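Engineer: everything below, folded, please.
(one chain, ligands or ions: 3)
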Amino acid sequence: MATPTRESTASTARPEATAPTPPATVTLRLWRGDEAGGEFRDYTVENLGGEVVLDVVHRIQAEQAPDLAVRWNCKAGKCGSCSAEVNGRPRLMCMTRMSTLDVSEPVTVSPLRGNPIVRDLVTDVSYNYAVARRIPPFQPGPREPDGTYRMKQVDADRVQEFRKCIECFLCQNVCHVIRDHEDNKPNFAGPRYFARLAELEMHPLDVLDRRELISSDLGIGLCNITKCCTEVCPEGIHITDNAIIPLKERVVDARYDPIAWLGRKIRRRPDPTPAKVAASFAPAAKTGEVISTDAPTRAED
Ligand code: SF4
Ligand code: SF4
Ligand code: FES
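Structural biologist: Numbers count the residues shown, from 1 in each chain. Ligands and ions are numbered 1, 2, ... in the order given. As a prediction, this is how the structure comes out:
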């Protein structure tokens, strides 16, 4: 077999592919307005490359629109503040690279549609905090005889997934139960809080039974497992598969499984109705025994 010469390889080599030249400018089409109404406005800036959407929004704010309202904090995908809809898709602006978007056309950036507008890209997320206040917090049972709490590593791992939530509320925004039906909000917790409820209900040290609350007041039955919430979660939490579906199973068990019903009667777990929840906290609060979820518990096995 003939050894290829420098000349022969040169003549058969394919021409080097040249990367397409990025456009010199990028245009963001930003929603400007308040609760009374608004419109999209185009802002064109130099294309610096290597930027995320939030960088470009900040440059527009610095150079062309100093009155532009935008909420952000960490610029690292951890505070959950910079949620918006980029080309109609709920995203964190600080984690959305311009290089992943088609910048040959204007990139639209609009506020989360599921929330009331405050101004420009900032929305009112207080509905979520109202839901959070309705959820009874972690309540541990008695300590082991040696004064410790113990739980298996597998149980710690299971609830840890839900602790990754950064409260960006992208899942709440995309959930059709409340996105287009404001009247459902009082009766529906939404995916972020089903993840929180799953975290509490699956915690082996928690002794409250919130299943009636989840079913009757927080409306898990309205969720039809479309998985839209899971698809937009920037933390990759499997909200539907690991939180909502197990919660639905637990609620059904509570209502229709006679053996589970009898077991609960014998074990006498606290009733989840708000008055009884409050009462169940009273003695512990006196002795300082109630531990919030943020307090470290000792997990050994
Ligand atoms: S799976 Fe349920 S909670 Fe998630 S977006 Fe769909 S309806 Fe909403
Ligand atoms: S569950 Fe995911 S999408 Fe929903 S608020 Fe938490 S981090 Fe955001
Ligand atoms: S600025 Fe904190 S998540 Fe984007």
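
Engineer: show me which residues of the protein sit near ligand 3.
Structural biologist: 72-75, 77-82, 92, 94 (CB under 6 Å from any ligand atom). For glycine as for every other residue, the C-beta is placed from the backbone atoms N, C-alpha and C.

Engineer: report how many residues lie close to the closest residue to Met98 other than its chain neighbours.
Structural biologist: Nearest residue to Met98, sequence neighbours excluded (CB to CB, 6 or more residues apart in numbering): Glu51, at 5.0 Å. Neighbour count for Glu51, taken as other CB atoms under 10 Å: 17.

Engineer: in the protein, where is pLDDT below threshold?
Structural biologist: Counting by pLDDT under 70, the ranges of the chain that qualify are 1-17, 257-261, 263-301.

Engineer: tell me the contacts of the spatially closest residue to Glu46 that is not a sequence neighbour?
Structural biologist: In this structure, Glu46 finds its nearest non-sequential neighbour in Thr25, 6.0 Å apart by CB to CB, 6+ apart. Counting by CB atoms under 8 Å, 6 or more residues apart in numbering, Thr25 touches 44-47.

Engineer: which one of these has the most neighbours?
Structural biologist: Comparing the contacts of Thr25 by number of neighbours (other CB under 10 Å), Val45 comes first, having 18 neighbours.

Engineer: on that earlier part again, as JSON lines, the residues of the chain next to ligand 3 with distance to ligand 1 and neighbour count would be great.
Structural biologist: Output for the residues of the chain next to ligand 3, formatted as JSON lines (distance: CB to the nearest ligand atom, whole Å; neighbours: other CB atoms under 10 Å):
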{"residue": "Trp72", "distance to ligand 1": "25", "neighbour count": "18"}
{"residue": "Asn73", "distance to ligand 1": "25", "neighbour count": "11"}
{"residue": "Cys74", "distance to ligand 1": "25", "neighbour count": "13"}
{"residue": "Lys75", "distance to ligand 1": "27", "neighbour count": "17"}
{"residue": "Gly77", "distance to ligand 1": "21", "neighbour count": "16"}
{"residue": "Lys78", "distance to ligand 1": "23", "neighbour count": "15"}
{"residue": "Cys79", "distance to ligand 1": "23", "neighbour count": "16"}
{"residue": "Gly80", "distance to ligand 1": "17", "neighbour count": "20"}
{"residue": "Ser81", "distance to ligand 1": "21", "neighbour count": "20"}
{"residue": "Cys82", "distance to ligand 1": "21", "neighbour count": "24"}
{"residue": "Leu92", "distance to ligand 1": "18", "neighbour count": "27"}
{"residue": "Cys94", "distance to ligand 1": "23", "neighbour count": "23"}
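
Engineer: in strands, which of those fall?
Structural biologist: Judged by DSSP state E, strands contain the following of the residues of the chain next to ligand 3: Leu92.

Engineer: Leu208: which of the residues of the chain next to ligand 3 is nearest?
Structural biologist: Using CB to CB, Gly80 comes nearest to Leu208 of the residues of the chain next to ligand 3, at 26.3 Å.
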